[in-house]
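[1] Here is the input, now give the coordinates:
(4 chains)
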There are 2 protein chains.
Amino acid sequence: MARHARYDRKVALEKAVGLFWEKGYHGSSMKQIEHALDMRPGSIYATFGSKDGLFSEALASYAERGGREMAAHLEQYDSIVDGLQDYLRTIAASCGPDTEAPSRACMIVKTLLESSNTHSELAAQANSILAAIEHALKAALEQAKGRGELLSTADCSRLARLIQAQIMALRAMAERGLTSEQLQALGDDMAAILDGYRTHH
Amino acid sequence: MARHARYDRKVALEKAVGLFWEKGYHGSSMKQIEHALDMRPGSIYATFGSKDGLFSEALASYAERGGREMAAHLEQYDSIVDGLQDYLRTIAASCGPDTEAPSRACMIVKTLLESSNTHSELAAQANSILAAIEHALKAALEQAKGRGELLSTADCSRLARLIQAQIMALRAMAERGLTSEQLQALGDDMAAILDGYRTHH
DNA sequence: GTGGTAGTTGAATGGTCGCTCAAAAAAAGG
DNA sequence: CCTTTTTTTGAGCGACCATTCAACTACCAC
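    This next block holds a predicted model:
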């Protein structure tokens, strides 16, 4: 038949995530993208259609990875609430001043704030991802409630949004460059919020 | 001597805040700025030096206004903690889906996330503003502690950061376009966090 | 009125933006 | 080897970017 593709789509997307997560949509030029992916414009456009298309796929890829990591984390715990509390502490620990990740803040939140009034398609995508995460949190909380971990008065929808807000804020605060002690303390304080919704306490 | 300036510096800055808050730094072109300020490039550059200079002044202006509003709000309350709790609820109420403000999210946070890896000067400015707000919150909390509103075990520095995180997250969540009921409930839940640090409870 | 001065104007600048496409290169079948 | 098919290449596109500056305008002092 013909020539093989020199580039692995998934590998290229990972590199795109790295750049976009770090610099945002407007902050990443095609020149920088070409360099980050080690691809020439023609190949990028043949593969991803446009800068928007590439960003959209990169964001989806980032979200999927994040979702997998969260699910994997929660599976390690017998108590769902324990798992959620430790998830917050883990984020605090991994977003410290010497992280090797492209950015400490969440790429989904960065995208939402950057594009909400300039690029409604991207904002809608970020929104639907956040809605999906919120839904997953709610489902986990309802399971916890069914197991008797949470007070019967607890509203799982509201609590899911409260927890999501903590995650968003924790990672945004990490972008401020706090010390790892300060960030860890913040993670602890956020985890402690959940104690107020637990049974036998 | 000579001709009067046709433009009021403060009025022009207000308009710049409106545009930059809505679209961000990279999302606002000089064309749009010229239109928003009703000024031609020469006048803009003569007055503010550069796009960066204008943005920087706009951000400072926004922060000063926000600081004044927060201080004015807290003065209305006898109890500082009551004031802080109601401040969160007020933000939730004023960031609803039908706000007339340029954006629901905080311009300082938007700037921090947008520029942290592309424009270190702006990020540093956003950082120092957030540090000042954190410091003001800490001072208010220490005063509250002195009045016996807070548990003696409460760490005012940590609590200040926890509250600042709530404000940041509340306004970022507002950008998701939640219903006003959902947003109000989130504000209530965040305010309730402070109950855990209060005395006689 | 007139001169001097500060403020405004907008065409024009060099650069970069996202993107295209004709040509070259690389693999597979014959 | 040559043909066919797919991919890569990179010069080049028009548009728009932030910015400049010489000409122009409006005001005040005299």
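[2] count of residues packed around residue A:108?
    Residue A:108 has 21 neighbours, counted by other C-beta atoms under 10 Å in any protein chain shown. C-beta here means a position set from N, CA and C on the backbone, and glycine is covered the same way.
[3] Please verify my assumption that it contacts residue A:61.
    No - Residue A:108 is beyond contact range of residue A:61, at 11.7 Å (criterion: C-beta atoms under 8 Å).
[4] for the closest residue to residue A:196 other than its chain neighbours, helix, strand, or coil?
    Setting aside the residues directly before and after it, residue A:196 is nearest to residue B:196 in space (C-beta to C-beta, 6 or more residues apart in numbering or on different chains), at 6.1 Å. Here residue B:196 is helix, with the state taken from DSSP: H, G, I helix; E, B strand; the rest coil.
[5] Now do the same contact list for residue B:196.
    By C-beta atoms under 8 Å, 6 or more residues apart in numbering or on different chains, the residues touching residue B:196 are A:192-193, A:196.
[6] What pLDDT is listed against it?
    Here the pLDDT value assigned to residue B:196 is 97.
[7] Would you check how far apart it and residue A:59 are?
    Distance, residue B:196 to residue A:59, by C-beta to C-beta, to the nearest Å: 36 Å.
[8] residue ranges with poor pLDDT in chain A?
    Scanning chain A for pLDDT under 70 picks out the ranges A:1, A:201.
[9] and if we set it to 80?
    Along chain A, the parts satisfying pLDDT under 80 run over A:1-3, A:200-201.
[10] need the longest helix for chain A.
    For chain A, the helix with the greatest residue count under DSSP state H is helix A:120-146.
[11] my guess is residue A:189 meets residue B:158, correct?
    Yes - Residue A:189 lies in contact with residue B:158 (C-beta under 8 Å); the separation is 5.8 Å.
[12] Please say which of the two ends up with more neighbours.
    Higher neighbour count among residue A:189 and residue B:158: residue A:189, with 22 against 17, using other C-beta under 10 Å.
[13] mind listing what residue A:45 touches?
    Applying C-beta under 8 Å, 6+ apart to residue A:45 gives no contacts.
[14] Give the burial count for residue A:40, as a bare number.
    Using other C-beta under 10 Å, residue A:40 has 10 other residues around it.
[15] Would you mind confirming that it is in contact with residue A:31?
    No - using C-beta under 8 Å, residue A:40 is not in contact with residue A:31; the gap is 11.3 Å.
[16] Residue A:187: what's it in contact with?
    Shown in contact with residue A:187 (C-beta under 8 Å, 6+ apart): A:88-89, A:91-93, A:170.
[17] Include neighbour count, distance to residue A:140 and secondary structure when you put those residues into a markdown table, please.
    Listed next are those as a markdown table, based on neighbours: other C-beta atoms under 10 Å in any protein chain shown; distance: C-beta to C-beta, whole Å; DSSP: H, G, I helix; E, B strand; the rest coil:
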| residue | neighbour count | distance to residue A:140 | secondary structure |
| --- | --- | --- | --- |
| A:88 | 22 | 13 | helix |
| A:89 | 16 | 17 | helix |
| A:91 | 22 | 16 | helix |
| A:92 | 25 | 20 | helix |
| A:93 | 14 | 21 | helix |
| A:170 | 25 | 18 | helix |
